[in-house]
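> I need the structure of the sequence given here:
(3 chains)
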Amino acid sequence: MNRFDYVRPRTVAEAVAAGAEPGSAFLAAGTNLLDLMKIGVARPARLVDLNHLPGLAAIEHAPDGGVRIGAQVRNADLAYDPDFARRFPAVAEALLSGASAQLRNAATVGGNLLQRTRCAYFQDTASSCNKREPGSGCDARDGENRLHAVLGWSEACIATHPSDFCVPLAAFGAVVEIEGPAGRREVPLQDFHLLPGKTPERETVLAPGELIVALRLPAEAAAFAAHSRYAKLRERTSYAFAVVSAAAGLRMQGGRIAAARLALGGVAAKPWRTEAAEAALLGAEPGADAFRRAAELALAEARPSGENEFKIELARRIAVRALTLAAAGTPDRLPALPASPFAPIPGGLHG
Amino acid sequence: MSLSVTFIINRVPKTVELDDPRVTLLDLLRERLDLTGTKKGCDRGQCGACTILVDGRRVNACLALAVSHDGAEILTIEGLSNGGALHPVQAAFIAHDALQCGFCTPGQIMSAVGLIEEGHAGDDPERVREGMSGNLCRCAAYRGITEAVVEATRAMAGTTTQEAA
Amino acid sequence: MAEVHHMRHGSNAGQPITRRDGVLKVTGAARYAADNHPQGMLYAVIAAARIARGRVAALDVAAAQAHPGVVEVMTAANRPPLAVHPDDKSVPFSFRMDLLQDDRVRYAGQPVAVVIAETLEAATEGAALLAPRYRAEPVEVTLDAPGAFVTEVVGVGVPGEQHYGDLAAGLAAAARRIEATYETPTQFHNAMEPHGVVASWDGDALSLDMPTQGFALTQMRLAALFGIRAEDIHIRSPFIGGGFGSKLLSGPQVLGVLAARLIGRPVKLVLTRAQMYGPVTHRAPTRQTLRLGAAPDGALTAVHHHVRTVTSRFDDFLEPAAGVSHTLYAAPAIATTYEALRLDIGTPGFMRAPGEASGSLALEGAIDELAAACGMDPLEFRLRNYAEVEPISGKPFSSKALRECYAQGAARFGWSGRPLTSRSLRDADGKLVGWGLGTATFPALMFQAEARAVIRRDGTGVVETGAHDMGQGAWTAFAQIAAESLGLDVGQVEFRSGSSDLPNAGIAGGSAHTATVGSAIQAAGEQAVARLAELAVADPRSPLFGADNIGVVARDGRLVRWDDGSRSESFAEILDRAGLEMVEGRGSAAADADAAERYAMHAHGAVFAEVKVDPELGQIRVTRLVGAFAAGRIINPRLVKSQYYGGMIWGVSFALHERATLDRRTGRVMNADLAEYHMPVNADIPSVEAILVDEEDPHVNALGVKGVGEIGITGSAGAVANAVWHATGVRVRRFPIAMEELLG
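Numbers count the residues shown, from 1 in each chain, chains lettered A, B, ... in the order given. Purely as a prediction, here's the structure:
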């Protein structure tokens, strides 16, 4: 880890000012940043510590059913907030399917949005990586890329975004509140992360010095609470990143789907909300046929970026699974293995 | 640059002069405060061997900058058996042979103490297994670990129920 | 004295007492190597090569040295001289080392420099600032590389090619034949404790805290390398945070010793997790082709087990994967053959059940395939081919309770309800369910060991031997054996171990430590008791006077006449009257060459696995594992079960999780961490059971003990893989089994 200056601002304004200095990085929990510093991927000249800033760690439930979550709220605190888990069960399930209990106790909501990719070539400083070192090339393109992107990738970068949390946030229309040198602004989460294109080093819309101060989930998102799930495929039962994942929410009316939300994880450089699939579900009877059609639409643009063609079909299937689980209804209590295929499946699988 | 940082470590207030902001809580404990019970298995938050309680919550000490935790209350494995009697989790680990080489054990135990405190798993073995999955054990003492945590949970719940009654 | 061996006293051998080191381990007081911090200690951190073949062209030593706190940079240019070349292998079980002898890089992760600093932070960043530049050369790191050669020797001196009977005739005569190719990946030990050392020099005397699985060999190698006397090397290794075959003496630990030599102060050097994917050995990948034939009744007519595996460019260790086919199933014709490749990788080595783990997975899969081809139940098929004598040698087994293992395991698991056809079981949620079986086997080995036992005037005992506890329970099992040999309760025996200053206990490997060291302890204890008996029976004042010393037995701190239990005297009384502070016994143990000539010696077991597979998503979970093992006499059932659980879970890991991903272009391991190199977590193991099947073995050694540390992985990996087939109907022959193979 390189040497750095340590700055402890007392206010958001001080933090923003310090963060705008060249070479600065914001330190929230550090569960991702410190790791990247240890492997030499991040070498900030200055750490601006957000942990002693007041006012960023509140979960504020609005009377209309929406919620505002301070950026410094820890993942576990959010997932286990009873009101939050009741209104946004798929978000809670996604949070609890990520990382480990220790990491969830530390990791923050704001930091989660800014997690860097798990691409091995990004993490290996001896490899070429356009995201880490613009213009150097992409060693993943012809390398070990079994788990890389199948949507939205470019020749410059085929990495995926690793967050579970962001997947239901995208599905349910979360909004990111940002403070910056130019003042406050809000960005829908769906627009917050950028696809790689020719500039994979630009991962989000944040400008230097801009700080995530909160996230909001709108009241309408809570309307999906009764039919809202997250499903995640992993290479071991727990403590693993998603191979693919999906968040689904349904609003049911008279046995038909009145509104649907669907987003995929592990498939692209951003959480992948798929409005075409959502639209196709409107008015449909919930069931295998409708869900499969939606999944086909969700992956219509997908193409392999390497030895990962199987992920396209897996992504369709995880989408179907999440929709199926959502249709069966949110369980009263999250399963012992959140988001796992080995959690109980109400009604079972058919075939 | 020297940074003065104050902690309460195993119930004892402690001020540390840090000559380097890079020091993690793990390296602070192990290399500067002679609290070597907390182990370094990966230094990247991927194994759980360094689990300690910070302000009552289990975290990976390897991914926590010491300077950022100014004012924190820290409990390590050395501080768990207050007054010499083993904590119920420690006793249950021995009884259920929930350890072999012992290297991951302090982290497992601190994680179990945190898990029980969180109160979300209860004595449901499946929830305990999930809740303990942030602690790798290469000797694979998982069966004993789960049994020990379930037993300690019940033992500790018995105590609190009595108090409540 | 055979009867005495099997007597039971309180907490002694055979009893499931809890770990004697348990309190130390649960309180954080157990001191592992890296927990030591001698006065004046500096930190050393390795810089590791990021290419797999070529030369180091430049190191920015100035940048590292400019970093505050950095004291010295050790490179090929200033590394202290060694008395022999690091490639010297005159010490048994040695591997060639990379000790900064030149600018050559022969695998990714090879140490190229060491930075020594006042703090760990400074040393770590100093190592990064070296930013080596290389002259890289093209690499070969896959099993598909050209240049395969036929090898005569595998493992350590094992003949690679062996033939028994007429293979061609056996295959030609078969009514059913299968040919199947299984592939296993590169795996790394990944003990939770990284390799490390705390080294202090005092003139030419060397004091070390380091995890090692063998004091004497480590001393010998260090003595040779540094040109010093082995007895001047003092090693403490009371607790090893997992070894699994990787912790004899590794090159990086020698670099720590060199750094201390260079700087003249104590040095601590601990590998990072990433650095454990290179210089500390690993399990090599294999591609195994099994050709089997069976008669209409399922009797094997031929077994051909061919192994393609790899070693490094500069040293030899070839995974002896075909060995299991020599011993497991009866067949009139058995052939094992090998081909090998040299690749730009670190040298492979001993990793828990080296050979047996990989080989058993392939053999058990192929046997399962043939059973299915014959339309037979896999257990019935295995019983049909049960080896009454060791197939390749024709020797009788010293003991073999495998039939009982099958029976007890099957009963506990409920195997009789298994449908023959695959993809025919579902659970209530609709998950595919499959049941699989694998036979476990591991040789019962003996190395060499010595021990010393003392009976003190206060009637208590002391037993000493430089044994190794890496989790198997040495502190407990050896104390139990010691107590039994001395006729004392375990609480009355002080057991000293974990130091090179004690009698040579050999190596903790080959699942032979308990058998070997235990036998030495037993002999030492018996000798101490005999000395005491000599005093008593020669003394007219003793109630034992006149008894032949064979005629007394030690029990509960007393010598008792064998033929008259009412005549006895306490140890303390005998020593007190003799005016002695203590009596001492020494014991040693080694393989009994005669017995080994006459008998085949193996532990056996049967492992039954249930898996569930999501039919749409392909994710797998092992929902039940039942293993029944027969390994001779069991010293401590509690600890032995833990060993079996651990081995069985390694089997799960082998079948479903572990795989190092090497980039074929650079030779770098792309998942050199614990997030992407997957090993099972707690949630992966909902149910594991081990049954201890009775087995008495009068031949294997004085204690009748076979090893239990490695056998659990054999059989288990195959059982899981076979269960996945039974669940899905898909026979995956490439490991770990990937979900995409099961999507259908």
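> which residues touch residue 110?
Since you didn't name a chain, this refers to chain A. By C-beta atoms under 8 Å, 6 or more residues apart in numbering or on different chains, the residues touching A:Gly110 are A:28, A:50, A:56, A:71-72, A:211-213, A:215. Where you see a C-beta, it was placed from the backbone N, CA and C, and this is true even at glycine.
> was after chain B, sorry
B:Met110 touches B:38, B:51-53, B:58, B:75-77, B:80, counting by C-beta under 8 Å, 6+ apart.
> Out of those residues, the closest to C:Ala353 would be?
Within these, proximity to C:Ala353 (C-beta to C-beta) peaks at B:Thr51, which comes in at 30.2 Å.
> Next one: residue 116, what pLDDT does it get?
You didn't pick a chain, so chain A it is. Note for A:Arg116: predicted pLDDT of 98.
> That was the other one, I meant chain C.
pLDDT for C:Ile116: 99.
> is it true that it touches C:Thr75?
No - at 11.5 Å, C:Ile116 does not count as touching C:Thr75 under the criterion of C-beta atoms under 8 Å.
> Pick out whichever of these two has more residues nearby.
C:Ile116 (27 against 20; other C-beta atoms under 10 Å in any protein chain shown).
> quick revisit: name the nearest of the contacts of A:Gly110 relative to chain C.
Chain C lies nearest to A:Ala28 out of those, by C-beta to the nearest C-beta, at 19.5 Å.
> if you skip the residues just before and after it, what's nearest to A:Met57?
Met isn't right for residue A:57; it's Ala. Among residues not flanking A:Ala57 along the chain, A:Gln72 sits closest, at 4.4 Å (C-beta to C-beta, 6 or more residues apart in numbering or on different chains).
> and the host helix or strand of C:Val307, which strands flank it?
Taking DSSP states H and E as the definition, C:Val307 sits inside strand C:300-312. Using DSSP bridges, strand C:300-312 pairs in its sheet with strand C:286-294 (antiparallel), strand C:334-343 (parallel).
> Smallest gap between chain C and chain A, at which residue?
C:Gly430 (3.0 Å).
> which residues sit in contact with the nearest residue to that residue once chain neighbours are set aside?
What sits nearest to C:Gly430 in space, not counting adjacent residues and going by C-beta to C-beta, 6+ apart, is A:Leu349, at 3.0 Å. Counting by C-beta under 8 Å, 6+ apart, A:Leu349 touches C:429-431, C:614-616.
> ok, 10 Å please
With contacts defined as C-beta atoms under 10 Å, 6 or more residues apart in numbering or on different chains, the neighbours of A:Leu349 are A:288, A:321, A:324, A:341, C:426-427, C:429-432, C:614-617.
> Which secondary structure state does it sit in?
Classification of A:Leu349 by DSSP: H, G, I helix; E, B strand; the rest coil places it in coil.
> What are the buried residues along stretch C:402-420?
C:402, C:404-410, C:413, C:415, C:418 (16 or more other C-beta atoms under 10 Å in any protein chain shown).
> can I see the domain layout of chain B?
Following automatic domain parsing, one gets these domains for chain B: B:3-79, B:82-164.
> same question but for chain C, I mixed them up
C:2-30+C:446-590, C:395-445+C:597-742.
> joint contacts of C:Ile116 and C:Thr75?
C:Ala64.
> excluding its backbone neighbours, what's nearest the residue in chain C that chain B sits nearest to?
In chain C, the residue found nearest to chain B is C:Gly28; the distance is 2.0 Å by C-beta to the nearest C-beta. Nearest non-adjacent residue to C:Gly28, counting by C-beta to C-beta, 6+ apart: B:Gly37, 2.0 Å away.
> I figured that neighbour hits B:Gln90, correct?
No - contact between B:Gly37 and B:Gln90 fails when scored by C-beta atoms under 10 Å: they sit 11.5 Å apart.
> Give me the common contacts of the two.
By C-beta under 10 Å, 6+ apart, B:Gly37 and B:Gln90 have these common neighbours: B:77, B:80, B:105-106, B:109, C:25-28.
> Can you tell me which of those is closest to A:Ser136?
Using C-beta to C-beta, these come closest to A:Ser136 at B:Pro106, 41.7 Å.
> hang on, the earlier thing: residues of the strand holding C:Val307 that come out buried?
C:300-312.
> all strands for the stretch 101-250 of chain A, in order.
A:175-180, A:183-188, A:211-217, A:228-233, A:244-253 (DSSP state E, counting those that start in this stretch).
> And for chain B?
Ranges of strands in chain B, per DSSP state E, are B:3-9, B:12-18, B:51-54, B:57-60, B:73-75.
> what packs against the fourth one?
Here strand B:57-60 touches helix A:75-79, helix A:101-106, helix B:25-27, strand B:51-54, helix B:105-118, going by 3 or more C-beta pairs under 10 Å, 6 or more residues apart in numbering or on different chains; DSSP states H and E.
> Need the ones you listed in JSON lines (columns: mean pLDDT).
Output for the helices and strands packed on strand B:57-60, formatted as JSON lines (pLDDT from 0 to 100):
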{"stretch": "helix A:75-79", "mean pLDDT": "98"}
{"stretch": "helix A:101-106", "mean pLDDT": "98"}
{"stretch": "helix B:25-27", "mean pLDDT": "98"}
{"stretch": "strand B:51-54", "mean pLDDT": "98"}
{"stretch": "helix B:105-118", "mean pLDDT": "98"}
